[in-house]
Each structure stands twice: as C-alpha cells, then as structure tokens.
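>>> next come a sequence and a model predicted from it.
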Amino acid sequence: MGDRKILFSTACRTGRTPDLWRDNAPRDLGVAMTSPRQIHPGLRFIKQNVPEIEILEYPARAEFAEVIQQGWDVAGFSFYTSETNEVLRMAEYARKAGVSELWAGNYGALNPAIASVFDKVFTGYSEAQLARELGREPGDLIHPPLIESVGLSPFGQRFLRCGLLYTARGCPLRCPWCHVVTFAPRLVKLPIDSVERALHFYKRNGVQLVLVYDEIFGLGPGRSHDVVSLLGSYGLPWWIVTRGDVLLRDFEEWYANGLVGANIGLEEIEGGNPSDPKKAVRVESALAALETLNRHGCCSLGAYMFGFEEDTEETVMEAFRVLDGVHPDFMLLYILTPAPMTPLWDHVQNRFGLTTPDWSRFDGKHLVWNHPHLTAETAQELLDYGYELFNSQEYVARLNHKIARNLLTRQGVAETLNFAAASLRNTLHGEEARPEFF
Ligand code: B12
C-alpha cells in the first residue's frame, strides 16, 4: 500500500490565473491590486501531513504532460467545479500515460456526472483519509506555512507579503446554495499549537498581513477567543472572512487585537424570503458591519451574490444602491451558481433547468440556469455595472491609505516606515512563493 508513487495536481493553468482583485475589477483598469493564485493551500496541507504524496500546483499543460509520464501509480486531481473540463482532459492524458488509478478531491469532485472517470472520490478535508489509505494512522493536523503576495500593478506582484491562516474548517450553517453543506458540514477547530507554529513562521519570515481564510471566522459562541489573543500577541495585522452579525458581536475584541480588514458576506441582501424577519436582521447587521469597519479605519470588503429566484434587474440595482450607500472599499460580485449535490442544485434542476453543460461557466461569473426574471446577458451587464460602480480606480488609493493610517495610529511612525520599507524590498527583491514545509 505504502509504496505506490502518487502525484496530486491542480487543474492546469490555462488563460489567466484566477485573481480575487482582477476578477472583480473593470477589465481595463490600469492601477489595481492583484493576487493571482500562487500556492494551493489544499495540496500544501496534504503534502505537509502526508509527505509521501508529490504535488504539482497550477502546472502549464506542457509541464503536466511531461511529469505525468514519470511512472506514477496514482494521479489525484484537485479542482473546483469550474475546472472540471480541464481535469477531465488531464485524466484522459494520465490514463494514456499508463497511470493505473485516478483519484478526485476538492469541491469539483462532488459531482455524480463525472464520478465514473475516477477510481476513488474523496469528500471534504482529506489528510486523515489519505494517511489511512496509505496504511497508517493520521497524527494531529499540521498547518503548513502558506505565504503569498498581493501585488500592485503595474508596479509588481510582490508588494505585500501575506500569510494564509486557517483556524477552523467546515461550516454548520445550511445555506442551500453553498457547497460546504455537502463538503464539510461540521465545524472543526485546528489544533491551536499548529496555528501558532504557522504564525511564528510568518512573524520570522517578513509576513506583513495575515489572511484568515476560515469559511466564517468566529462562528460558534466563544470559540475564537484563544485564536484572537494569539493573533494579538504576535502583533501582526490580520484580515478575516466573516458574517456581519458575527463581526458585530466581537468587533471590539478583534480590533483591539489587530484586526485591519474583513470580507463580509452579503448574500442575504437579496436571497431568501424578503418577509422573513431573521433575514431583515441579517441584512441590517451586514450593512452595520461594513459601516463599523469603515468607522474604525479598517478595510471593508463586501461579497455580494445576486441571481436568486426572486431577483429582478430592479431589485439588484436597488441592492447595489443600498450597498453603495455604506461605501465598501471593494466588492466581490457573484452570480448565484448551483453546485452539484446542494439543495439549490436539486431545486434548479427540478423547476428551471440548466442552460449549459459547460462546467467552465460554473464559476460564479455566469448565469447557468433558466432564471425566471434575468437573462444571461442582463446578469453579465449587472456584473459589469457593479465592477464599475464599486471597484474602479479609487479603491486602490483608498485601501492603501487605510492600511497606512491604520498602522500609523495603532503601531506608530517607526513601524509604519518599516512596513513601507518592507514593501519596497519585496517589490524590488521579493521571492516567488516556494514550497516550504515544517
Ligand atoms: C480561500 C478561497 C478562495 C481564494 C483562494 C485563495 C488561495 N490563495 O488559494 C480565492 C479568493 C482566490 C478563491 C477563488 C475562487 N473560489 Co474559492 N474559496 C475559498 C475558500 C473560502 C477556502 C478554500 C481553501 O483555501 N480551503 C483550505 C484548504 C486547506 O482546503 P481545500 O483546498 O479544500 O483542500 C482540502 C480538500 O479539498 C482535499 N483535497 C484537495 N485537493 C485534493 C485532491 C485529492 C486528489 C484529494 C484526494 C483530496 C483533495 O484535501 C485538502 C486538505 O484537507 C472556499 C470555501 C471553503 N471553506 O472551503 C471557497 C470555495 C472553495 N471557492 C469557490 C469558488 C466557486 C471559487 C471561484 C471559482 C469563484 C468564486 N466564486 O469565488 C474562484 C476560482 C478559484 C480557482 N479556480 O482557483 C467555491 C467552490 C465551489 C465549487 N463547487 O467549486 C467555494 C467552496 C466557496 C463556496 N462556498 O461556494 N477562493
């Protein structure tokens, strides 16, 4: 069992690399933030905890074609639904190269329509399952070092050195559109000493900002206090992804411990039953959370998804107007996209039907089902309108100004100058993200 040669790869790099900032900005924007994906946290967690497995992150097609010929017993693929076409092509290639077993993992693997291509499909976070597959008992989970940069175009890719941090996995909420419902429906904390080891590494290796990528940071009463004081004790600025009501509950404590920015989910602004009183409270708290962040000079990002069943062009425009009124620094904009094996998927299949079999369009940027009030073109126009409205040129100056002011008021002049010097050094001499493990 343990002697098999195993290679895991992400989908090949084709066209432009996914980039949180660029993917939500007007197409011809000159100066913009940029963070093309550089490392794959999922594969790095696997390599850190199951080192027998070799990994390839975002290879070019030619690189994959060459590596896959090197006598592997197993090829595993890590992909999102929108990367399915590319991975099916890679799987065919691997079979032709004589690889005897193909495995699938990550969200894209949860798709009955393609399951027969693979010999094994893994659901959810997989380190433990993989260790057992290789014939041993898993140990405590180790958080690998995960360093990426945020660039400022046209000046370069390495302006801000960021450390990615995961403190908990999974989500117990049951949002019908969200793939996490099927993928990892239980909230599980990462071992705190492992989180601390990653933070320690970041502090020693010139990380300027910690990006906490838990699905919803702070979920579950009381559970984040230990992590928050740990973050505070390292004196690194940190940024989270969370929900408005959760942020409002704990904001004072988080701010006192170095929080400098947050992405707030705004799905509730449109989705669901408008007369549901719980929804009204959540909408209010999402908006209040953005205002709270702004009032304290913290960076405020909104993540707004439209295209729910009851949405019309007018209701989306109205939501844009309301959101614009609270002045988020940047908005991530998505079109509601059903993912296989979610309640939304079944509902859409039964009532409306999909409009395309092309998996590459299941990326949150295309309308892929027969919507009762919106056409694919209108949805696209709304997206483009939103990019212009929220994310045109000024956001870059606003965010950089906020980060600088935040540092000045909270850490003083000397620290702020150090920070600026570090960014200059990164820009001039920064290294590419490289494989690094404990
Ligand atoms: C952070 C994040 C991002 C970041 C990525 C940052 C970075 N530098 O990597 C950014 C903002 C760039 C991003 C972009 C997108 N994202 Co995103 N993102 C997430 C988020 C919040 C966390 C992902 C993560 O880092 N997980 C942590 C790592 C450790 O876990 P992992 O990757 O899942 O890997 C584990 C398992 O999957 C498994 N595994 C992984 N690979 C393999 C391979 C094999 C062979 C096996 C056996 C197992 C296995 O083991 C790993 C270790 O346990 C998730 C939601 C969530 N909580 O999962 C959404 C999520 C994954 N994103 C999603 C989507 C749709 C996207 C986008 C397509 C557009 C969009 N709507 O945002 C783009 C495209 C990205 C791309 N093509 O690369 C969806 C995926 C749905 C789907 N069905 O595909 C999610 C689930 C959000 C949601 N709720 O809808 N994303």
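Great, that's in hand.
>>> flag every buried residue along the helix or strand that contains residue 130.
For residue 130, the host element (DSSP states H and E) is helix 127-133. Buried positions in helix 127-133, judged by neighbour count with 16 or more other CB atoms under 10 Å: 127, 129, 130, 131, 133. C-betas here are computed from N, CA, C, even on glycine.
>>> now the last one: how far from residue 23?
For residue 133, the distance to residue 23 (CB to CB, to the nearest Å) stands at 35 Å.
>>> list phi and psi for residue 331.
Dihedral pair for residue 331: phi -130, psi 130, per degrees, to the nearest 10.
>>> grab the nearest non-local neighbour of residue 302.
Nearest residue to residue 302 in three dimensions, chain neighbours excluded: residue 328, at 4.2 Å (CB to CB, 6 or more residues apart in numbering).
>>> pLDDT weak spots in the stretch 251-400 of the chain?
Residue ranges of the stretch 251-400 of the chain with pLDDT under 70: 268-282.
>>> give me that answer again for 90
Residues of the stretch 251-400 of the chain meeting the criterion pLDDT under 90: 265-285, 393-394, 396-400.
>>> the closest residue to the ligand within it in helix, strand or coil?
With distances taken as CB to the nearest ligand atom, the stretch 251-400 of the chain approaches the ligand most closely at residue 364, which sits 3.1 Å away. When classified by DSSP: H, G, I helix; E, B strand; the rest coil, residue 364 comes out as coil.
>>> neighbours around it, how many?
Neighbours of residue 364 under the rule other CB atoms under 10 Å: 20.
>>> cool, and the one 3 residues further on?
Residue 367 is surrounded by 23 other residues when neighbours are defined as other CB under 10 Å.
>>> how about the residues of the stretch 251-400 of the chain near the ligand?
334, 339, 363, 364 (CB under 6 Å from any ligand atom).
>>> now the two most distant members of these.
Checked with CB to CB, these reach their widest spread between 334 and 339, with 12.2 Å between them.
>>> quick check: the residue of the stretch 151-300 of the chain nearest the ligand.
Counting by CB to the nearest ligand atom, the stretch 151-300 of the chain gets nearest the ligand through residue 215, at 3.8 Å.
>>> spatially nearest residue to that residue (excluding sequence neighbours)?
Nearest one to residue 215, counting by CB to CB, 6+ apart, is residue 171 at 4.5 Å.
>>> just residue 407 next, same as before
The shortest distance from residue 407 to any non-neighbouring residue, by CB to CB, 6+ apart, is to residue 416 (4.3 Å).
>>> so how far is residue 153 from that neighbour?
According to CB to CB, residue 416 and residue 153 sit 23 Å apart.
>>> what about whichever residue of the stretch 101-250 of the chain sits closest to the ligand, neighbour count?
Nearest to the ligand in the stretch 101-250 of the chain, going by CB to the nearest ligand atom, is residue 105, at a distance of 2.1 Å. Using other CB under 10 Å, residue 105 has 25 neighbouring residues.
>>> what are the ranges of the strands in the stretch 1-150 of the chain?
With strands called from DSSP state E, counting those that start in this stretch, the stretch 1-150 of the chain shows them at 6-10, 32-34, 54-56, 74-78, 101-105, 120-121, 147-153.
>>> next, format these as CSV and append distance to residue 247 and mean pLDDT.
Listed next are those as CSV, based on distance: least, CB to CB, whole Å; pLDDT from 0 to 100:
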stretch, distance to residue 247, mean pLDDT
strand 6-10, 31, 98
strand 32-34, 22, 89
strand 54-56, 34, 98
strand 74-78, 31, 98
strand 101-105, 31, 98
strand 120-121, 36, 98
strand 147-153, 22, 89
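>>> return only those of the buried residues of helix 127-133 found close to the ligand.
Within these, those near the ligand by CB under 6 Å from any ligand atom are residue 127.
>>> nearest to residue 385, of the buried residues of helix 127-133?
Ranked by distance to residue 385 (CB to CB), those are led by residue 127 at 42.5 Å.
>>> who's in contact with that closest one?
When contacts are counted by CB atoms under 8 Å, 6 or more residues apart in numbering, residue 127 touches 45, 46, 49, 50, 138, 141.
>>> can you pick the most crowded of the residues you listed?
With neighbours set by other CB under 10 Å, the maximum within the contacts of residue 127 is found at residue 46, which has 23 neighbours.
>>> quick one: it from the ligand, how far?
The gap separating residue 46 from the ligand is 5 Å, by CB to the nearest ligand atom, to the nearest Å.
>>> could you dump the contacts of residue 127 to TSV with distance to residue 225 and pLDDT?
Output for those, formatted as TSV (distance: CB to CB, whole Å; pLDDT from 0 to 100):
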residue	distance to residue 225	pLDDT
45	24	98
46	30	98
49	26	98
50	31	97
138	27	95
141	21	97
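>>> just the ones in helices from these, please.
Among those, DSSP state H puts 45, 46, 49 in helices.
>>> run through the residues that contact the first one.
If a contact means CB under 8 Å, 6+ apart, then residue 45 has 125, 127, 141, 143, 144 as its contacts.
>>> redo that, cut-off 10 Å
Each residue near residue 45 by CB atoms under 10 Å, 6 or more residues apart in numbering is listed here: 125, 126, 127, 141, 142, 143, 144, 146, 166, 169, 190.
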